[in-house]
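Q: quick one, fold the following:
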Amino acid sequence: MRRQGLLLALVTTAGLASGCGPGAVACPAIAQATVVSVTVAADYVPHVGSLHLKACQDGTCKEADVELQPGSTSIDQGCTPEGVCSATASPDGTKVGMLMLDTLTESLMTVTSSGHAADGSLLPVHTLEFRPKANYPFGVQCGKFISASVTLDGTGLRERS
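A: Below you'll find the predicted structure:
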């Protein structure tokens, strides 16, 4: 009888101890888009009629005409006393687009932009070499997201911060 009581105490204690340890962290089920995103600066938008991007990384290149959409910026609308925060999108005069890739790594990437101006003439060709950035927006336990973002303006391409 004493053995059974000891065994019951041991099992109960083991169950409680395991329930008090660090639990699994839930990660959002969000897939990463393997793209190079481009933002055309607001002051350069009137000059761009169409845009073509070429991105090369790890010996593979992908290129296509990029469909440009109106860009926006987030406007903070504050938080409630309960801690619920909100924001709204406001047009900012930029145009944004994406070039879909098969894969995206942290290794060196070369992006080249070309296209046509609004009057049909050729836009200057610009090339930028940079390393896509790794980020852990949901914590290290949820894995990294890699982003490759560039901005096009009158002076050329630059890495977007």
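Q: ok, then the element right after the helix or strand of the chain with the lowest mean pLDDT?
A: For the chain, the helix or strand with the lowest mean confidence is helix 2-19, at a mean of 42 (criterion: mean pLDDT, DSSP states H and E). Later in the chain than helix 2-19, the nearest helix or strand by DSSP states H and E is strand 35-40.
Q: from the contact counts, what lies against the helix or strand following that following strand?
A: Remark: after strand 35-40, the chain's next helix or strand is strand 48-57, criterion DSSP H and E. Other elements packing on strand 48-57 under the criterion 3 or more Cβ pairs under 8 Å, 6 or more residues apart in numbering; DSSP states H and E are strand 35-40, strand 60-66, strand 85-100, strand 109-117, strand 145-153. Bear in mind the C-beta positions are built from the backbone N, C-alpha and C, glycine included.
Q: within the sheet, what are the partner strands of the second one, with directions?
A: Going back to what we said before, that points to strand 60-66. Its sheet considered, strand 60-66 pairs with strand 48-57 (antiparallel) by DSSP bridges.
Q: list the contacts of residue 38.
A: 51, 53, 66, 96, 97, 98, 99, 113, 149, 150, 151, 152 (Cβ atoms under 8 Å, 6 or more residues apart in numbering).
Q: closest one of the residues you listed to residue 128?
A: Residue 128 has its nearest neighbour among the contacts of residue 38 in residue 150, at 6.1 Å by Cβ to Cβ.
Q: looking at it, that closest one is touching residue 35, isn't it?
A: No. Look at residue 150 against residue 35 with Cβ atoms under 8 Å: they stay out of range, at 11.2 Å.
Q: the more surrounded of these two?
A: Ranked by neighbour count (other Cβ atoms under 10 Å), residue 150 and residue 35 place residue 150 first, with 22 against 17.
Q: quick one: pLDDT of that one?
A: Looking at residue 150, its pLDDT stands at 97.
Q: that one and residue 93, how far apart?
A: From residue 150 across to residue 93, the span is 18 Å (Cβ to Cβ, to the nearest Å).
Q: low-confidence bits of the chain, can you list those?
A: 1-24 (pLDDT under 70).
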